[in-house]
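Chemist: Predicted model and sequence follow; I will ask about them next.
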Amino acid sequence: MESPAPESTGNGISPNGAGFSAFSEDGTKRYFNREISWLGFNERVIEEAENSAHPLLERLRFLSISGSNLDEFFMVRFAGLVGQYRQGIDERSADGLTATQQLDAISIRVEALLEHQQRVWSALSKTLSDEDIFVSTLDNLADESRTWLRQHFLDQIFPVLTPQALDPAHPFPFIPNKGLSLVFDLVRESDQQGIRELVMIPSGLARFIRLPGESAVYVSVETVIQSFSDILFPGYTVKNSGLFRVIRDSDIEVEEEAEDLVRYFRSAIKRRRRGDVIRLEMGPNLAEPVIAMLRENLLHDGATESRINGLVGVSDLDILVSEDRPDLKFTPYSPRFPERIRDHGGDCFAAIRDKDILVHHPYESFEVVIEFLRQAAADPDVVAIKQTLYRAGKQSAVVRALIDAAEAGKSVTAIVELKARFDEEQNLLWASALERAGVQVVYGFIEWKTHAKISMVVRKEQGGYRTYCHFGTGNYHPITAKIYTDLSFFTADPRASRDAAQLFNYITGYVEPKELELISMSPRDLRKDLMGLIDQEIDNVRAGKPAMVWAKMNSLVDPALIEKLYQASNAGVEIDLVVRGICCLRPDVPGMSDNIRVKSVIGRFLEHSRIWAFGNGGELPNDEAKLYISSADWMPRNLDRRVEYMMPITNKTVHDQILDQVMVANLIDDEQSWELNADGSYTRVEPSSKSFNLHR
């Protein structure tokens with residue numbers, strides 16, 4: 001099925017931003033670059049690794065996260081720009097930059113970011129040693145520890161290593177994505193003949209090896225291999241050795257003519273493993289001839305490289321975070337199970353039937369979502385379950401409940417999104433397991449992702465059938481639900497049920513929804529409805545009423561919505577935005593965005609919920625405000641190329657919970673908040689004497 005043509009935004013400008021100028025008439029730049037804004041977000045993550053208010057191992061976790069974030073950035077975003085550059089695509093970003101200009105700007109910013117990572121690691125490693133946690137070289141170890149490591153190398157590491165000569169008779173081997181490798185320049189002791197060897201470090205080997213003992217002493221696997229090279233290369237002297245790492249293009253482009261989506265993705269996943277090297281990271285000890293060899297064999301036009309004076313691959317530091325030191329981690333807590341459901345004896349359906357329920361993860365347990373599906377699977381009165389699955393994790397109780405329901409004879413439909421980046425392989429496995437159990441598995445649209453998080457359960461009750469729905473702002477993923485802040489909204493409102501049914505029918509059978517009663521959905525009408533809500537606030541100003549917008553999201557990129565916010569600001573609408581990651585809107589520019597304030601919250605939990613509030617003629621927060629939750633960010637992909645929903649919250653209790661507690665808490669937090677300045681920099685908010693921490 002072909003996607004319908006994008007709808008007009010009502011101002012003669014296409015919703016993906018075509019027709020916008022990156023500059024205003026006076027030359028003021030209107031947008032920040034998306035990629036540079038993302039790098040700025042990752043810099044804020046690194047700054048949290050320097051935040052002494054966090055426990056030490058949590059600071060190390062932030063540093064590790066910054067490394068894995070950067071890897072994914074290169075695997076997808078940077079790789080996409082390199083692809084444009086190589087193909088000569090003359091497409092400019094919303095801020096007016098060509099692919100080449102963006103690649104140059106990214107490279108400069110990344111080098112500064114890498115230096116920052118190494119400075120932080122150097123400082124943290126010293127502080128860790130004060131807490132009896134060490135990352136050591138063999139020179140600093142006692143003889144007993146060196147003896148243990150030598151035996152460990154012989155038993156656990158040596159058998160899985162395969163040295164490969166690098167000479168004209170041996171072609172340069174394939175290096176896997178994010179693979180660590182050592183290059184040795186050797187001299188044969190018998191005749192002083194030189195030889196170069198490459199040793200790939202298998203991904204199954206732990207990056208850091210913990211020595212036995214009460215003190216937490218770790219040694220990196222590359223240090224161990226280099227230290228015992230006499231075992232690996234008997235009869236040779238090591239002249240030089242050094243470490244390198246590659247990042248490969250890992251994005252999957254879906255071809256519209258793909259006839260079998262499952263077969264296409266199985267093939268594409270295999271191709272991804274052999275994607276072009278997009279980045280080469282080299283340790284400080286590699287000799288120049290080795291570097292020249294690596295460039296020649298690994299790098300192609302547009303790829304990038306970095307010499308790292310320190311630890312290559314900081315993402316691997318997460319191994320150290322697992323050290324059993326609760327005194328150096330956030331105080332553990334037990335998420336609450338919703339009292340409303342406990343009051344109904346644990347019966348989810350009775351509780352929802354009585355009144356709409358809001359659950360705020362991770363403060364309240366994701367177990368309630370799983371229990372909702374488990375009860376549906378076991379309840380003889382439930383006749384049908386429909387479920388979207390975007391990311392469900394490797395140990396999914398959600399999938400288990402759907403399988404149990406199907407095996408119990410219920411009609412179960414699962415919309416499994418194969419295009420969920422880096423979860424494609426896992427989702428293929430889940431799809432196969434579901435189909436074997438008798439679940440009707442649907443993969444949705446070829447050109448759109450199904451990103452909406454909706455579950456519906458149809459139950460036979462006195463007087464007919466009743467449908468119970470769950471609308472989430474986050475994935476059905478039990479692990480991320482412990483660290484992502486998201487909302488779960490349960491309702492038995494017949495209007496929501498009818499809308500959810502239409503959305504499912506659209507995905508499974510291409511049956512276009514007609515007359516949705518509550519929800520808006522993309523790519524059908526979500527953008528248009530958002531524009532209308534902002535226009536209503538502009539009309540309120542003109543009518544002499546208060547006009548306000550509060551919006552919380554992960555990313556703000558869409559030029560059409562940014563322009564509408566600028567228009568609202570100029571009309572006098574007061575706008576407060578909480579944007580955790582990418583923000584392309586430029587706030588606080590005279591004559592363009594005077595009334596727009598943007599903040600980013602980075603802390604213990606990853607702020608993931610999407611919440612939008614519109615004053616509706618009053619000061620926020622107020623009982624009459626229009627309030628929505630959603631699965632979508634304000635990005636072209638969410639509004640034009642994904643199936644998403646926007647749900648109005650009309651129940652007063654739930655309305656007050658979201659607006660007065662969740663949104664207000666985000667806005668008043670001053671311990672882990674950053675303010676976006678007009679020049680694109682972020683300033684950490686200074687805590688007041690009565691400081692407030694959103695996550696505490």
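Modeler: All right, it came through fine.
Chemist: shaky segments in this protein?
Modeler: Low-confidence segments of the chain, defined by pLDDT under 70: 1-28, 252-274, 395, 419-423.
Chemist: Now for it: which helix has the highest residue count?
Modeler: Determined from DSSP state H, the single longest helix within the chain is helix 99-130.
Chemist: For the stretch 301-450 of the chain, just list every one of the strands.
Modeler: Taking DSSP state E, counting those that start in this stretch to define them, one finds strands in the stretch 301-450 of the chain at 304-307, 357-361, 382-389, 411-416, 440-442, 449-450.
Chemist: Show me what counts as buried in the third one.
Modeler: In this case it means strand 382-389. 382, 384-389 (16 or more other Cβ atoms under 10 Å). C-betas here are computed from N, CA, C, even on glycine.
Chemist: Strand 411-416 and that one, what's the angle between them?
Modeler: For strand 382-389 against strand 411-416, the angle by axes from the mean of the first three to the mean of the last three Cα atoms, to 10 degrees is 0 degrees.
Chemist: Kindly export stretch 331-347 (C-alpha atoms) in CSV.
Modeler: The C-alpha coordinates for stretch 331-347 follow below in CSV (Å, rounded to 0.1, in the frame of the first residue of the first chain):
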residue,chain,number,x,y,z
THR,A,331,19.8,4.1,46.5
PRO,A,332,17.6,1.2,45.3
TYR,A,333,13.8,1.6,45.4
SER,A,334,10.8,-0.7,44.9
PRO,A,335,8.3,0.6,42.4
ARG,A,336,4.7,0.7,43.7
PHE,A,337,2.0,-1.4,42.3
PRO,A,338,-1.1,0.8,41.7
GLU,A,339,-3.2,1.1,44.8
ARG,A,340,-6.4,1.3,42.7
ILE,A,341,-5.9,-2.3,41.4
ARG,A,342,-5.0,-3.5,44.8
ASP,A,343,-8.3,-2.1,46.1
HIS,A,344,-10.0,-4.3,43.5
GLY,A,345,-8.3,-7.4,44.7
GLY,A,346,-5.8,-7.3,41.9
ASP,A,347,-8.5,-7.4,39.2
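Chemist: host element of the closest residue to residue 103 other than its chain neighbours?
Modeler: With sequence-adjacent residues excluded and distances taken as Cβ to Cβ, 6 or more residues apart in numbering, residue 103 is closest to residue 81, at 5.5 Å. In this assignment (DSSP states H and E), residue 81 forms part of helix 79-87.
Chemist: Determine the angle, from 0 to 180 degrees, between that helix and helix 99-130.
Modeler: Going by the same axes, to 10 degrees, helix 79-87 makes 150 degrees with helix 99-130.
Chemist: how does the chain divide into domains?
Modeler: 127-327, 339-516, 521-684 (automatic domain parsing).
Chemist: Same list (those) but as TSV, adding distance to residue 58.
Modeler: Listed next are the domains of the chain as TSV, based on distance: least, Cβ to Cβ, whole Å:
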stretch	distance to residue 58
domain 127-327	8
domain 339-516	11
domain 521-684	7
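Chemist: closest one to residue 41 among those domains?
Modeler: Of all the domains of the chain, it is domain 521-684 that lies closest to residue 41, at 4.6 Å by Cβ to Cβ.
Chemist: Between the two ends of the closest one, how far is it?
Modeler: 36 Å (Cα to Cα, to the nearest Å).
Chemist: quick one on the thing from earlier: gap between the residue nearest to residue 103 and residue 275?
Modeler: From residue 81 across to residue 275, the span is 15 Å (Cβ to Cβ, to the nearest Å).
Chemist: The two - which one has more neighbours?
Modeler: Higher neighbour count among residue 81 and residue 275: residue 81, with 22 against 16, using other Cβ atoms under 10 Å.
Chemist: my read: the more buried one touches residue 34, true?
Modeler: No - with contact defined as Cβ atoms under 8 Å, residue 81 does not reach residue 34; the gap is 10.5 Å.
Chemist: returning to what we had before: got the strands of the stretch 301-450 of the chain as a markdown table, with distance to residue 236 columns?
Modeler: Shown next, in a markdown table, are the strands of the stretch 301-450 of the chain (distance: least, Cβ to Cβ, whole Å):
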| stretch | distance to residue 236 |
| --- | --- |
| strand 304-307 | 26 |
| strand 357-361 | 56 |
| strand 382-389 | 53 |
| strand 411-416 | 52 |
| strand 440-442 | 56 |
| strand 449-450 | 52 |
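Chemist: Residue 101 is nearest to which of the ones you listed?
Modeler: Among the strands of the stretch 301-450 of the chain, strand 304-307 comes nearest to residue 101, with 14.6 Å by Cβ to Cβ.
Chemist: tell me which residues in stretch 646-658 are buried?
Modeler: Neighbour counts over stretch 646-658 (16+ other Cβ under 10 Å) mark 646-649, 654-655, 657-658 as buried.
Chemist: same deal with stretch 361-374?
Modeler: Quick answer for stretch 361-374 (16+ other Cβ under 10 Å): 361-362, 364-374.
Chemist: now do stretch 333-345
Modeler: By neighbour count on 16+ other Cβ under 10 Å, the buried set for stretch 333-345 is 335, 338, 340-341, 344.
Chemist: What is the nearest of those residues to residue 160?
Modeler: residue 335 (40.2 Å).
Chemist: Give me the nearest residue to that closest one, chain neighbours excluded.
Modeler: Going by Cβ to Cβ, 6+ apart, residue 335 has residue 365 as its nearest residue, at 4.1 Å.
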